[in-house]
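> I'll drop the sequence and a predicted model, then ask my questions.
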Amino acid sequence: MKISMIQNHAKPDRAANLARVEALMEEAVKTDSPDLIVLTEYFELYGTSVAEKLAAAQPAPGGEAYAMARDFARKHGVYVHAGTIMERVEGENRIYNTSFVFDRNGAEVAAYRKIHMFDIETPDGMVFRESDSVKPGDEIVTYDIDGMKVGCAICYDIRFFELFLQLERAGCDIIVLPAAFTLQTGKDHWELLARARAVETQTYFVACGQTGTNIVDGVAKACYGHSLVVDPWGHVIARASDGEGFVTARIEPAQIKRVRNLIPMTKHRRLACN
C-alpha cells in the first residue's frame, strides 16, 4: 500500500489553492500510483481573518473543496483523505474543522471533526485562539482501506496521547494527521511528536503539513511543512522538503506485525486511560 502526502501553501484564494493542490495530486498519481492521497489542514483556504474564514465556510456535503476531493477519488480510483475543510455549522458563529475521506468510488467514508483547539501564545508572542472560530468535535473516527484500519486526527490533536490510545484500542494500523503546524512549535516538536505517537501506537503515522508564510492582519504567520511518515518502530521513512510538493511512502503490514510481536504492548498494558 502506498500513501502520497500533498504539501501545499494555501493562500486566501480558494480557486487557486484547489487548482494547485489538484495539479500536485495528478502528479502524484502519475508518478507513484498511490492507494491513498492525504492533503493538509486548510488545504483549500488559509491566511484569512476570522471573519473571512467564517464567511468562506460551506455546508457539507457540498462546496468546491469537498467536490474536488470527491471527484478526484472517483476519477482516479484512489482514496482521498481531504486534509481539512471548513464546514459550516448551522446556527453557530463557528465552523467545524473537518477531515472528509472518500473511497475509490468517491463515496464519503469518514468525517472527523478536530477535537482539540489551538488556543496558545507561541514562543515569539503570536496568539492563536482557534476556539473563537472553530467548534470542537467529540467523536473518535476510523475507516478501512484495503484491509487496514486508519485513524483520524488533526494538527494540535498530536499533543494529546489519550486520543491516540483510543485509536490504538480501536485497532488502527495507520494514523493520518493533516496539519498547519506553526514554524515556532514545529521546528522543535513536529517530528518528535510524530515519532512518539507512532511508537506508542505501533502504527504508521502520516503527518501532512502546510508550508509557507501568510500575512494575516499585518502579522506574518508561518507554517512548518516537513510532511513525514513514521513507521511503527519510530523511523521516519518519508519526508518532504521545504516548499510545495508531494512525497510517497510504502506501508508494509508485515512491519506492523513484526513490531507488535517484538513488543506486545497491548498485552502488557496495565493502567486504563479513559
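In hand now; what should we look at?

> SS state for the spatially most central residue of the chain?
Among the residues of the chain, the one closest to the centroid is P178, at 1.4 Å (Cα atoms, centre = their mean). Per DSSP: H, G, I helix; E, B strand; the rest coil, the secondary structure class of P178 is strand.

> residues touching it, list them.
Neighbouring residues of P178 by Cβ atoms under 8 Å, 6 or more residues apart in numbering: 38-41, 43, 81, 83-84, 99, 154-155, 208-209. All C-beta atoms are positioned from the backbone trio N, CA, C, and that covers glycine.

> again with G83
38-44, 99, 178, 208.

> one more time with 6 Å
39-41, 43, 178 (Cβ atoms under 6 Å, 6 or more residues apart in numbering).

> dump the helix or strand hosting it to PDB, restricted to CA.
Per DSSP states H and E: G83 is located in strand 79-88. Extracted C-alpha coordinates of strand 79-88, given in PDB (Å, rounded to 0.1, in the frame of the first residue of the first chain):
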ATOM      1  CA  TYR A  79      -8.800   7.100  -1.600                       C
ATOM      2  CA  VAL A  80      -8.500  10.800  -0.700                       C
ATOM      3  CA  HIS A  81      -8.100  11.900   2.900                       C
ATOM      4  CA  ALA A  82      -9.100  15.500   2.300                       C
ATOM      5  CA  GLY A  83      -7.000  17.300   4.800                       C
ATOM      6  CA  THR A  84      -9.500  19.600   6.500                       C
ATOM      7  CA  ILE A  85     -12.300  21.600   5.000                       C
ATOM      8  CA  MET A  86     -14.100  24.500   6.700                       C
ATOM      9  CA  GLU A  87     -17.500  23.000   7.400                       C
ATOM     10  CA  ARG A  88     -20.300  25.500   8.100                       C
END
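
> distance from it to the middle of the chain?
Remark: strand 79-88 is offset 9 Å from the chain centroid, using Cα atoms, centre = their mean, to the nearest Å.
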